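Engineer: Pasting the sequence and the predicted model now:
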Amino acid sequence: MTTMYTPDHEWINIEDHEAATVGITHHAQDALGDVVFVDLPEVGRTFKKGDIAGVVESVKAAADLFMPVTGEIVEVNEALRADPSLANTDPLGNGWFFKVHIAEAGMAEFDQLMDGPAYDKLLKTA
């Protein structure tokens, strides 16, 4: 399992070759506060890296969820849609947002994302 991070505080985890899981980091959920609504992408829709793939709304603000790599949405977390607070209580686990089948171009994009130590360094300068 390989987890990488974006400067926009999303994580993407490749567990197998079928799909990668995407969510927001502890830092993101902490900055947002209590998440009250999520707008998840449509299954089957293709996004390019950097496209807005969803929205997270909290009691403090709304934030766009950016696609970390080019690919097609293959699954969304319906449990998160029903209980958006999962993004706060378990952002790296049950609070995942969607799964994406990474396009061929997306694999190179994945390799350009930050690993854990690089993301930690970003947080220290933020």
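Structural biologist: Yep, it's here. Residues are numbered from 1 along each chain as shown.

Engineer: which stretches of the chain form helices?
Structural biologist: All helices of the chain, identified by DSSP state H, fall at 26-32, 78-82, 86-89, 104-111, 116-125.

Engineer: where in this protein is pLDDT low?
Structural biologist: 17 (pLDDT under 70).

Engineer: the strands in it, which residues?
Structural biologist: For the chain, the strands defined by DSSP state E cover 2-5, 10-14, 20-24, 35-39, 46-47, 52-58, 62-66, 71-76, 98-102.

Engineer: Pick the most deeply packed of those.
Structural biologist: strand 20-24 (a mean of 25; mean count of other Cβ atoms under 10 Å). Just so you know, the C-beta spots here come from the backbone N, C-alpha and C atoms, and that holds for glycine as well.

Engineer: Need the residue closest to the centroid of this protein.
Structural biologist: Gly23 (2.9 Å; Cα atoms, centre = their mean).

Engineer: In contact with it, which residues?
Structural biologist: By Cβ atoms under 8 Å, 6 or more residues apart in numbering, Gly23 lies in contact with 10-11, 87, 91-92, 95-97.

Engineer: Of these - the most surrounded one?
Structural biologist: Phe97 (27 neighbours; other Cβ atoms under 10 Å).

Engineer: I figured that residue was touching Asn77, is that so?
Structural biologist: Yes - under the criterion of Cβ atoms under 8 Å, Phe97 makes contact with Asn77 at 5.9 Å.

Engineer: Find residues that contact each of these two.
Structural biologist: Leu40.

Engineer: any idea how far Ala82 is from the residue nearest to Phe47 when sequence neighbours are not counted?
Structural biologist: Computed as Cβ to Cβ, 6 or more residues apart in numbering, the closest residue to Phe47 that is not its neighbour in sequence is Met67, at 4.0 Å. According to Cβ to Cβ, to the nearest Å, Met67 and Ala82 sit 23 Å apart.

Engineer: With neighbour numbers in mind, choose between those two.
Structural biologist: Met67 (26 against 9).

Engineer: ok, now which ones touch the more buried one?
Structural biologist: 22, 47-53, 100.

Engineer: and which of those is nearest Gly106?
Structural biologist: Lys49 (6.9 Å; Cβ to Cβ).
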